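Enquirer: Have a look; sequence and predicted model below, questions after that.
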Amino acid sequence: DIHCDETDDPMSRHVETLVYETQRLGLQGRVVGSHLTSMHSMDNYYASKLIGLMAEAAAGAPADFIVKEKTPRKRGWARLQKFNPFRIAYYGLSRALFPWRVLRAARSGREMVLLHPQTIGFPLFQRVVEARPYVWMYVLDAYVFCRRSYNCLPAELGPCLRCVGNDGKAADAHGCADWFGAGSFHQPLREWVASGRLRLMAQCESHARLLRAHFGPGAVVKVVPLSVPDIAVPAVPPARPSRARPLAVFHGSCQPAKGVAHVIALAKEMPDWDFLVPSDPKEYRQHFGTTEGLPGNLQFRRLSWSEGLADAVATADVVLCPSIWSATVEGAVLKSLAHNGLVMVTTHDSSFGSELPVDARLALDPADLRGTAARLRSAMRTPRKPRASARRRGPMPRATPAAAVACSPRSARPAARQPEPFSA
């Protein structure tokens, strides 16, 4: 139960990939596609096809109809009435039954992987860990060492690593709120990892180095890349229009950890360029308090990947993905590489951008915006390679920089970059 479909995108193929992997790995009857929220947006033909594929894989369908959302309501509208003819099991009120299913699985002899302790609840997470000789945890964020989850502080240019490798007392000094209300959860977490009872899966090498720096060299840490959709180049890439001024597109959510402040600072440094942020001023004000002082060459426009953002990324002159926090695998970076090829990232030691091959990235240095602007202008003067043709459809490529670079319409495959030692 990996919660891979919680989107309203009718083009989502997460569940189709899930059922493909279910049959390939022989896991029929042991996998569920939660919460099938994209089905309310799908056309009838594809939804019927997908339900048939789920039936072949004996995949369950836990639709969560008791979640209260603003309209239009998405969760629960999973075409449940069409499942029964295919004899697909589905579960109502899955949130109420979820703890019992977790504990039943914990008492079984099967391998177990836990995701997001803040989602299943810290007491339940602790009961599972203590009920087994060992359990795996797929680490999806920085919460294992940072109370804020996104390990960055306001007004700082890079990630905050003050709590790496210690008891986190620095968080008190900086007034960091306990974002998920975990209380003293971090202390037993360190003990479980040190004893081998809790084993860790990281999404990329930079994140694995960060986990070892925090938990010590004895921690069991393995790198298991994620699959990210939409990496394949479309069959007919959109034409890049001729513009009077170059366009830079920010690919990320409009919040401090994703580096939108770096984008705004760069827009001020380059008034002869246009910059697009795929959000609206209201969301920006929610995080930053005001929209006063924004440069005139910066435009806000609310876009989703399926509704304009994919075309904006593909036709931009450069894509900006300057995350400040110690990001794990970033789908925005991989999709931008695949659909555009010229991507500017931050390259601090604990960033996902630091894993990209040197000649497949541009470094955005927030401490040297003039140098960053010069690198960007130089890259624009370099002749572009022709766009690649569409790749063969099939299972999703693994979320590695090499996979995205191989699909890139602007880049030949560069030599892989060896990861540098991480120091907290």
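Expert: All right, it came through fine.

Enquirer: Can you pull the phi/psi pair for V343?
Expert: The phi and psi torsions at V343 (degrees, to the nearest 10) take the values phi -130, psi 130.

Enquirer: quick one: it from L298, how far?
Expert: 19 Å (C-beta to C-beta, to the nearest Å). C-betas here are computed from N, CA, C, even on glycine.

Enquirer: Could you do L198 as well?
Expert: 44 Å.

Enquirer: Of those two, which one has the most company?
Expert: L198 (25 against 20; other C-beta atoms under 10 Å).

Enquirer: ok, what's across the strand from that one?
Expert: V135 (DSSP bridges).

Enquirer: How about the secondary structure of the nearest residue in space to A367 that is not next to it in sequence?
Expert: Excluding its sequence neighbours, the residue lying closest to A367 (C-beta to C-beta, 6 or more residues apart in numbering) is L157, at 5.8 Å. Using DSSP: H, G, I helix; E, B strand; the rest coil, the three-state assignment for L157 comes out as coil.

Enquirer: Wait, L157 touches L369, no?
Expert: No: between L157 and L369 there is no contact under C-beta atoms under 8 Å: 10.5 Å.

Enquirer: Just the buried residues of stretch 342-362, please?
Expert: Buried residues in stretch 342-362, counted by 16 or more other C-beta atoms under 10 Å: 342-356, 360-362.

Enquirer: Of those residues, which belong to helices?
Expert: Within these, no residue falls in helices by DSSP state H.

Enquirer: So which residues make contact with stretch 13-31?
Expert: For stretch 13-31, the surrounding residues in contact (C-beta atoms under 8 Å, 6 or more residues apart in numbering) are 1-2, 4-5, 7, 33, 36, 38, 50, 53-54, 56-60, 227, 229, 395-396.

Enquirer: redo that, cut-off 7 Å
Expert: Stretch 13-31 is contacted by residues 4-5, 33, 36, 50, 53-54, 56-59, 227, 229, 395-396 when judged by C-beta atoms under 7 Å, 6 or more residues apart in numbering.

Enquirer: And that stretch, what's buried?
Expert: R13, H14, V15, E16, L18, V19, Y20, T22, V31.

Enquirer: Over to stretch 258-274?
Expert: 258-267, 270, 273-274.

Enquirer: Regarding that stretch, how distant is the last residue from the first?
Expert: 19 Å (C-alpha to C-alpha, to the nearest Å).

Enquirer: Work out the gap between that stretch and the centre of the chain.
Expert: Its chain's C-alpha centre and that of stretch 258-274 lie 23 Å apart, by C-alpha atoms, centre = their mean, to the nearest Å.

Enquirer: what do you get for stretch 3-13?
Expert: Using C-alpha atoms, centre = their mean, the offset of stretch 3-13 from its chain centre is 14 Å.

Enquirer: Same question for stretch 321-328.
Expert: Using C-alpha atoms, centre = their mean, the offset of stretch 321-328 from its chain centre is 10 Å.

Enquirer: ok, residues contacting it?
Expert: Defining contact as C-beta under 7 Å, 6+ apart, one finds that stretch 321-328 is touched by 140-142, 150-152, 158-159, 203-204, 207, 210, 251-252, 256-259, 262-263, 330, 332-333, 336, 343-346, 350-352, 364.

Enquirer: next one: stretch 133-143
Expert: With C-beta under 7 Å, 6+ apart, stretch 133-143 has contacts from 112-116, 118, 128-129, 149-151, 180, 196-202, 207, 211, 325-326, 328.

Enquirer: in the chain, which spans are helices?
Expert: Using DSSP H, helices in the chain cover 14-24, 44-56, 94-106, 117-120, 122-130, 169-173, 186-195, 205-215, 260-269, 281-288, 309-315, 331-339, 369-381, 401-407.

Enquirer: Would you mind pulling up the elements that the fifth one packs against?
Expert: Counting contacts by 3 or more C-beta pairs under 7 Å, 6 or more residues apart in numbering; DSSP states H and E, helix 122-130 packs against helix 94-106.

Enquirer: try it again with 8 Å
Expert: When contacts are defined as 3 or more C-beta pairs under 8 Å, 6 or more residues apart in numbering; DSSP states H and E, helix 122-130 sits against helix 94-106, strand 113-115.

Enquirer: Where does the prediction get shaky in the stretch 1-150 of the chain?
Expert: 63-97 (pLDDT under 70).

Enquirer: at 90 what do you get?
Expert: Across the stretch 1-150 of the chain, the ranges flagged by pLDDT under 90 are 1-12, 28-49, 51-128, 130-133, 140-150.

Enquirer: ditto for the stretch 301-424 of the chain
Expert: 302, 304-307, 324-332, 334, 337-341, 347-362, 379-424.

Enquirer: can you pull out the strands in it?
Expert: 318-321, 343-345, 362-363 (DSSP state E, counting those that start in this stretch).

Enquirer: got JSON lines for those, with distance to H287 too?
Expert: Below are the strands of the stretch 301-424 of the chain laid out as JSON lines (distance: least, C-beta to C-beta, whole Å):
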{"stretch": "strand 318-321", "distance to H287": "17"}
{"stretch": "strand 343-345", "distance to H287": "21"}
{"stretch": "strand 362-363", "distance to H287": "25"}
